[in-house]
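Visitor: show me the folded form of this:
(2 chains)
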Amino acid sequence: MSNKNNIATAGNKGAGVKSDCFVQLELTKSGGINLSLKSKVDVMYGNSIKKQVREMLAFFGIENAKIEIVDTGALPFVIAARVEAVVRQLIRTDKEYLLNVIPENTFLTKKDRFRFSRLYLPGNTPKLMINAGIHMPNGVILDLEDAVAHNKKYEARFVVRNALRAVNFYGAERMVRINQIPNGLEDLDFIVPHNVNLILVPKCESAEQIRLVNERIDIIKKEKGISSNIWLMPIIESALGVLKAFEIASAAGNIVSLAIGLEDYTADIGTKRTNEGSESFFARSMVVTAARAAGIQPIDSVFSDVSDMEALKQNVLKSKALGFDGMGCIHPRQIEVIHNYFAPDEAEIERAKKIVNAFYSAEEKGLGVVSLGSKMIDAPVVKRAQKSINLAISLDILDKNWREKMQ
Amino acid sequence: MPFLNNSQDIGLVFLKIEIMKKYDKIVKNAAGRDVPTIINGEEHIPYKGVGKHIPTGNRYAPPLSSCANYPADGNKTIPSLKEALIKAGLKDGMTISTHHHFRNGDLIANQIFDIAHELGVKNLRWYPSASFPCQEGLIKYLEDGTINRIEGSMNGPLGKFASEGKMKGLGVLRSHGGRYQAVQDGEVIIDIAIIAAPTADPFGNANGVYGPAACGLLGFALADSQYAHKVIVVTDNLVSFPAIPWQIHGNYVDYVVEVEKVGLPEKIISGTTRITKSPDRLLIAEMTAKFCDDAGLIYDGFSYQAGAGGTALSIGNYFADILRDREWKAKFIRAGSNEYPVKMLEEGLVDYILDGQTFDLEGVRSMCENPGHVNTSPFTSYNYHGNGNFASMVDIVVLGATEVDINFNANVVTHSDGYLLHGIGGWQNCLFAKTTILPIPLFRDRMPVILDEVTTLCGPGELIDVIVTERGIAINPRRTDLIEKVKDSGLPIKTIEELKEEAERICGVPEKPVLSDELIAVIKWVDGTVIDSVRKVI
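Guide: Okay, the predicted model is just below:
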């Protein structure tokens, strides 16, 4: 983003940049629209790109301008985001150039949906968004916070907004990580009206921050006539946040999960993050305990060594043992490992089947007390077993008619 | 003024001859493509359909040699390449063949034409088994008429040069098998073959397994050694007789030249021979392997061919996992060998590597050490005039493509903007495998890969069975057996039209390139007929 007098830029170009475009707009006094396009896909889409850009300039009432585009195969949602970002740096307008919401992006998610894996996608790097959904993460996080350079924060909002409307994530829950409060509140204007399913609130340290977020969400919802729920996932990333974990977890009814971010947390307590993680044992346990106490999902931090799948597996097993329900990922290849090892293992499923079966049998027989062998089974144990069963079915490792097969 | 009229007529006639020399008499072939039947002044047959062209006659024979004409002590060494070329009778209009065993590290092809230029020789036909960007320097000889045309794959800069209509003659692209066929039936008569060899002896025996430029095998030069009128072997590792193994027999060789350096080892090792790290490509590889498994194509004793590209290597890796898991063994891998198939061979997951091109030093080492690592040539693998060949015996072949159309026709030489940027390699020949699979992304950047019609037809759809993309798998409707086998697999099976529409929903409907009517090259089918033409870009 540069803004010298009446010139603005947005987007990326240069080595390694793909599926993106760099746009420079200069408002002029006369001469109409002077459009220059250098595109990798000129033969196939040159005309369509020019048409799209001219339509957008007309939409914003710009009649005289010099616009230069360097395109590396940007999809229409990216071109639209880049052009709008340059236009709105130079003119004051309430207008938004909104792409149609694709039918695949109209779904809502449930509060207790599985959230094993959520894939972070840098908010200003469209090439990573396009194929994110095909790797089947439970959720995608369009990140406006740490993955976006400070001078790219503004233009990233348009990419994220357009992606929420126009990129098919193939059923993944569509999440956005906003910037730290209070700056992040402005991000909400760009995401709440566009059917975002869940918002991550980073570096959360108080219930007050959640209140501010919900206040802004409610205003936007009212303005836009939105009635559906927008879930929140606060991220605990500091010593203070850890100590306030329960206050945060129970701050509002639309909080569905509590996550922990260990890179920042370990820095905050003055140590380094290790693979075996003893320095974060207290914080992780605290987050798990607070989340469980508030009846929501505890979610673990990302594992940053993307090449070591064995270490990731060990990390997942440890995380699951601590009580977490899922973790973040920063590379699509981590998804499968996370799903496989958060999933209930064979012994777990067998035990759960016996417990749930005993519960149903007791119910069928009109018994109030569930017992397995000589042992009485408490309600929470049944509930947990039922959860494992549901999970196993949803992951295709257990047939949904498993009870029929048992008998 | 009758005189003037006459001279105009003569002018027209000359003009016509100029045009006729490049190409003439365009007809529609059996694939519905417009192709010339006169190419560079010679007659060619339009494509008739798969397996329809059965030529008769005899194999071409080069002139008879007599051993009395060669030194009895077997020493055929000549001090320089220039002297060897002069002795071989280099002159205007000749056909000069070279080979791509050194890939982008070749140092000899450029020198040959430097010498030809120095000697003032014109109008040569260059007949490489493939060209590489390191030969970009030859553009100046294509411009000044030293070289008339390239008949062989044109990669990168040479392809771009040809695409822009700057080559004097018409390019002819052949598959590795088609190159052997053209030599064997006399369609192409090689005047001088120059075989750059990592190791040779003074008699001309040569191999690719030893020496600083070790590249494995020399199979692409086999036909040339047998059929060329003159054969020159160039090496930087001259050993005393006998150079064993003699992959090239000195009995065919006329002259041997020792040079300082024959190739650049670091560039002989191909850059594409690593498993891909791209999550999208890994997903496609995983889906391909799962498809093969669910369709019952993988069994104890099966065979496959996968190239040296990152996706193909990953597929091989997934195959290895399946074999290991079930304690099965593949019978053979047709390769492009490198460290990955070698690991499988040495782990006992496969009995044989039938190697057509060695991509790294692990491949070279294995070829020396493992009796199950066998060197092959286009003759054994692909040749149309053989009494059969190996290509059709392979269970699964995995290939790439730049474009596929809704009739499963595929393009491997031009991009969607019309530029000729790749060669055919063994691609066309491999299509004859029992099941041909193209694992390809549904779009590259914004460019959809599945179109209504391919820009250039290289492979007829009837030979292409499955397209695997990250967003779904399309099975050729002809393969009802495969459709039946995977119907309950849970794999995302879609029609090719559905895949095309999905790409267009994401990328938009692409415009077709507007190309010139002028032709710059033709694509040969494996039987020597002309399957398509390549047009000049505007």
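
Visitor: tell me where the stretch 301-407 of chain A has helices.
Guide: Here the stretch 301-407 of chain A has its helices, by DSSP state H, counting those that start in this stretch, at A:309-322, A:333-342, A:346-364, A:379-394, A:402-406.

Visitor: so which of these gets nearest chain B?
Guide: helix A:333-342 (5.3 Å; C-beta to the nearest C-beta). (C-beta placed from N, C-alpha, C; glycine too.)

Visitor: how far off helix A:379-394 does that closest one point, in degrees?
Guide: 140 degrees (axes from the mean of the first three to the mean of the last three C-alpha atoms, to 10 degrees).

Visitor: which residues are contacting helix A:333-342?
Guide: Here helix A:333-342 makes contact (C-beta atoms under 8 Å, 6 or more residues apart in numbering or on different chains) with A:116-117, A:119, A:135-137, A:303, A:306, A:309, A:312-313, A:316-317, A:319-320, A:325-327, A:329, A:395, B:279, B:282.

Visitor: just stretch A:397-407 next, same as before
Guide: A:343-344, A:349, A:353, A:356-357, A:360, A:389, A:392-393.

Visitor: could you look up the SS state of the residue in chain A positioned nearest to chain B?
Guide: With C-beta to the nearest C-beta, the shortest gap between chain A and chain B falls at residue A:73, namely 2.6 Å. Judged by DSSP: H, G, I helix; E, B strand; the rest coil, the three-state class of residue A:73 is coil.

Visitor: that one: neighbour count?
Guide: 23 (other C-beta atoms under 10 Å in any protein chain shown).

Visitor: so where's chain B uncertain?
Guide: B:1-20, B:270-273 (pLDDT under 70).

Visitor: in it, what residue comes closest to chain A?
Guide: residue B:445 (2.6 Å).

Visitor: what's the helix or strand for the most centrally placed residue in chain B?
Guide: Nearest to the geometric centre of chain B sits residue B:425, at 1.8 Å (C-alpha atoms, centre = their mean). Following DSSP states H and E, one finds residue B:425 outside all helices and strands.

Visitor: what residues does it make contact with?
Guide: Contacts of residue B:425 (C-beta under 8 Å, 6+ apart): B:130, B:153, B:175-176, B:412.

Visitor: next step: those residues restricted to helices.
Guide: Counted as lying in helices by DSSP state H, out of the contacts of residue B:425, are residue B:176.

Visitor: mind listing what residue A:243 touches?
Guide: residue A:286.

Visitor: how much space separates it from residue B:340?
Guide: Remark: distance between residue A:243 and residue B:340 (C-beta to C-beta, to the nearest Å) = 52 Å.

Visitor: on that earlier part again, filter the contacts of helix A:333-342 down to the buried ones, ChimeraX style.
Guide: The ChimeraX selection below is limited to those of the contacts of helix A:333-342 classed as buried (16 or more other C-beta atoms under 10 Å in any protein chain shown):
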select /A:116,117,119,135,136,137,303,306,312,316,319,320,325,326,327,329 /B:279,282
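
Visitor: tell me which residues touch the most centrally placed residue in chain A, please.
Guide: Central residue of chain A (C-alpha atoms, centre = their mean): residue A:141, 2.1 Å from the mean position. Counting by C-beta under 8 Å, 6+ apart, residue A:141 makes contact with A:118-121, A:175-177, A:200, A:328.

Visitor: thinking again about what came up before, neighbours of the residue of chain B closest to chain A, just the number please.
Guide: What residue B:445 shows, counting by other C-beta under 10 Å, is a neighbour count of 20.

Visitor: so what's it up against?
Guide: Applying C-beta under 8 Å, 6+ apart to residue B:445 gives the contacts A:18-19, A:40-41, A:72-73.

Visitor: so what's the spatially closest residue to it that is not a sequence neighbour up against?
Guide: Leaving aside its chain neighbours, residue B:445 sits nearest to residue A:73 (2.6 Å; criterion: C-beta to C-beta, 6 or more residues apart in numbering or on different chains). If you count contacts by C-beta under 8 Å, 6+ apart, residue A:73 has them with A:18-19, A:39-41, B:444-447.

Visitor: shouldn't residue A:280 be within a helix?
Guide: Yes - checked against three-state DSSP, residue A:280 lies within a helix.

Visitor: Provide a list of residues in contact with it.
Guide: For residue A:280, the contacting residues are A:260, A:262, A:265-266, A:273, A:301, by C-beta under 8 Å, 6+ apart.

Visitor: picking up where we left off before, and the helices of the stretch 301-407 of chain A: which comes nearest residue B:78?
Guide: Closest approach to residue B:78 among those (C-beta to C-beta): helix A:333-342, 55.8 Å.

Visitor: would you say residue A:70 is within a helix?
Guide: No - going by three-state DSSP, the assignment for residue A:70 is strand, not a helix.

Visitor: and it, how close does it get to residue A:172?
Guide: Applying C-beta to C-beta to residue A:70 and residue A:172 gives a distance of 31 Å.

Visitor: which one of the two has more residues nearby?
Guide: Using other C-beta under 10 Å as the criterion, residue A:70 and residue A:172 rank with residue A:172 on top: 23 against 20.

Visitor: isn't the more buried one up against residue A:134?
Guide: No - checked against C-beta atoms under 8 Å, the pair residue A:172 and residue A:134 is beyond contact range at 9.8 Å.

Visitor: coming back round to it: and the residue nearest to the centre of chain A, which of the three is it?
Guide: strand.

Visitor: which residues does it bridge with?
Guide: Note on residue A:141: beta-bridge partners by DSSP bridges are residue A:120, residue A:175.

Visitor: for residue B:459, see how far away the residue nearest to the centre of chain B is.
Guide: Relative to residue B:459, and taking C-beta to C-beta, residue B:425 is found at 12 Å.

Visitor: overlap in contacts, the two.
Guide: Joint contacts of residue B:425 and residue B:459 (C-beta under 8 Å, 6+ apart) are residue B:412.

Visitor: surely residue B:50 meets residue B:459?
Guide: No - in this structure, residue B:50 is not within contact of residue B:459 by C-beta under 8 Å, at 9.8 Å.

Visitor: if we can go back for a sec, so how do I select the buried members of the contacts of stretch A:397-407 in ChimeraX?
Guide: Per 16+ other C-beta under 10 Å, the buried members of the contacts of stretch A:397-407 correspond to this ChimeraX selection:
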select /A:343,344,349,353,356,357,389,392
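
Visitor: pipe the contacts of stretch A:397-407 into a markdown table and attach distance to chain B per row.
Guide: Formatted as a markdown table, the contacts of stretch A:397-407 follow (distance: C-beta to the nearest C-beta, whole Å):
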| residue | distance to chain B |
| --- | --- |
| A:343 | 17 |
| A:344 | 20 |
| A:349 | 20 |
| A:353 | 23 |
| A:356 | 25 |
| A:357 | 27 |
| A:360 | 28 |
| A:389 | 21 |
| A:392 | 16 |
| A:393 | 15 |
